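Trainee: Okay, structure incoming, though there's no sequence with it:
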């Protein structure tokens, strides 16, 4: 096996993670706040009440600040596929590049076209045309997310493709299968739901600050009513879609599913861990309970969540590493052998092409394109890069804690918005101060939950760049590790400066408050 510099791999992963984390600090607010603004302007157009126009314009200003900085980080993120992950881009660029191209041509074009009307078209176009523009910006922002999430979902569940031995690339054969993959659909609806909760909590928290300061009480009350209603619906929707997404993870990425529950030994009537402290004990091969120092479980709930059947078997980490013939689970070592055979066959094909041995080329091409070979050997292609079966195990504590933090916060959001909505209607503008303070402090929590979800999604599927087909260590560009380290710290400084700038501008704008509507 060729030498792979794991230091380069780690720094490349760190740089991409840094960019993605900072980018996702801006995106969720764009997704959620855009629709809240559209709802507010719809009320203005329907009622003609100028106060709603004033409210809409204020939140639109904050939306614009966030949108501008989010675009800058997103562009850098897409460039990194070519600079840091060129092997990945070569291997699946024909597939992965398609949704990214559509995102740039269609969704981003839709946003950029109508965002000018949304910001500068007040009193220059009709109310209805301006409202349509606002809705199209909201839809366009979420369509941008759609295509990015379709690409990401395909990395987790690659479908609609075949391997072309002549080009050494995977090529798309069914665009609609890629777009409408159940994994892609549920990743999209769940992820945008997190953005809706971010937007709702942001509006709640900022409005609560005005109430505590005894400023703009009517503006704050109206904003909080919209945000609480939107947030309650969005948080319930988020919980439902999260449950559905977990079912697909259980079926398509069983190692990730086992990792975020700390499940080492597969079992029927598998318990769901409500709370637990992962053990630092290294020997987890004997039974599942060695994974925890302490935990609280609900028997059978994990099997029920994954397959709607408490007696369903949930494979554990050890089953997926060592194999479980009774459950039809192939060992990682056997998959490694099959992957190595697939890679050897491809190298043999390359040697035949170099020797211009036409007969051998045709024979090997037919062998590699044979459906049986594709299913039995090429589907394990990525395993051929490993030399130790335990390399397929992700970081279990990271997956476990990020998953449970995300779930805990998800239920907190439902409770918070429900209580807020009840108290808003019960108390009018005399809300309890504890609720107002809690709303301000809670602004950060949906961001934390959303980031935890992405940590789970990306760390949980390690060591894969493309599930089962390409490990991360084989996807990286052959760069000098020093260059990656330098750009990592440069990006860290630049992105931190952008974040500080956004927060500073946001706070200054909030302190100024809404302007009188004209």
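Mentor: Sure, I can see it. Quick caveat, the model's predicted, so the values are computed rather than measured.

Trainee: quick one: contacts for the residue minimising distance to the centre of the chain?
Mentor: Among the residues of the chain, the one closest to the centroid is residue 454, at 4.6 Å (Cα atoms, centre = their mean). For residue 454, the contact set (Cβ atoms under 8 Å, 6 or more residues apart in numbering) comprises 20-21, 24. In this view, the C-beta of every residue, glycine as well, is placed from N, C-alpha and C.

Trainee: which one of those is nearest residue 154?
Mentor: Sorting the contacts of residue 454 by distance to residue 154 puts residue 20 at the head of the list, at 16.6 Å, by Cβ to Cβ.

Trainee: looking at it, the closest one is touching residue 74, isn't it?
Mentor: No: here residue 20 does not reach residue 74: they are 9.8 Å apart, not a contact under Cβ atoms under 8 Å.

Trainee: can you give me how far the lowest-mean-pLDDT helix or strand in the chain is from the chain middle?
Mentor: Counting by mean pLDDT, DSSP states H and E, the weakest-scoring helix or strand in the chain turns out to be helix 108-120, with a mean of 79. The gap between the average C-alpha position of helix 108-120 and the chain average comes to 25 Å, counting by Cα atoms, centre = their mean, to the nearest Å.

Trainee: so where's the stretch 151-300 of the chain shaky on pLDDT?
Mentor: When the per-residue scores of the stretch 151-300 of the chain are filtered using pLDDT under 70, the ranges that remain are 281-290.

Trainee: give me that answer again for 80
Mentor: 168, 279-293 (pLDDT under 80).

Trainee: any idea where the strands of the protein begin and end?
Mentor: With DSSP state E as the criterion, the chain has strands at 161-164, 169-172, 272-278, 292-298, 464-466, 470-471.

Trainee: could the ones you listed go into CSV alongside mean neighbour count?
Mentor: As requested, the strands of the chain are arranged in CSV below (neighbours: other Cβ atoms under 10 Å):
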stretch, mean neighbour count
strand 161-164, 17
strand 169-172, 18
strand 272-278, 17
strand 292-298, 14
strand 464-466, 23
strand 470-471, 23
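
Trainee: I'd like these as JSON lines, with distance to residue 365 appended.
Mentor: JSON lines is the format used below for the strands of the chain (distance: least, Cβ to Cβ, whole Å):
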{"stretch": "strand 161-164", "distance to residue 365": "10"}
{"stretch": "strand 169-172", "distance to residue 365": "14"}
{"stretch": "strand 272-278", "distance to residue 365": "48"}
{"stretch": "strand 292-298", "distance to residue 365": "51"}
{"stretch": "strand 464-466", "distance to residue 365": "22"}
{"stretch": "strand 470-471", "distance to residue 365": "21"}
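
Trainee: Out of those strands, which is closest to residue 70?
Mentor: Each of the strands of the chain was checked against residue 70 via Cβ to Cβ, and the shortest separation belongs to strand 464-466, namely 24.6 Å.

Trainee: Just name whatever secondary elements that closest one is in contact with.
Mentor: For strand 464-466, the elements it packs on are helix 86-102, helix 127-156, strand 470-471, helix 472-475, judged by 3 or more Cβ pairs under 8 Å, 6 or more residues apart in numbering; DSSP states H and E.

Trainee: That strand - what's its average pLDDT?
Mentor: The average pLDDT within strand 464-466 is 91.

Trainee: Report the distance from that strand to the chain centre.
Mentor: For strand 464-466, the separation from the chain centroid amounts to 15 Å (computed by Cα atoms, centre = their mean).
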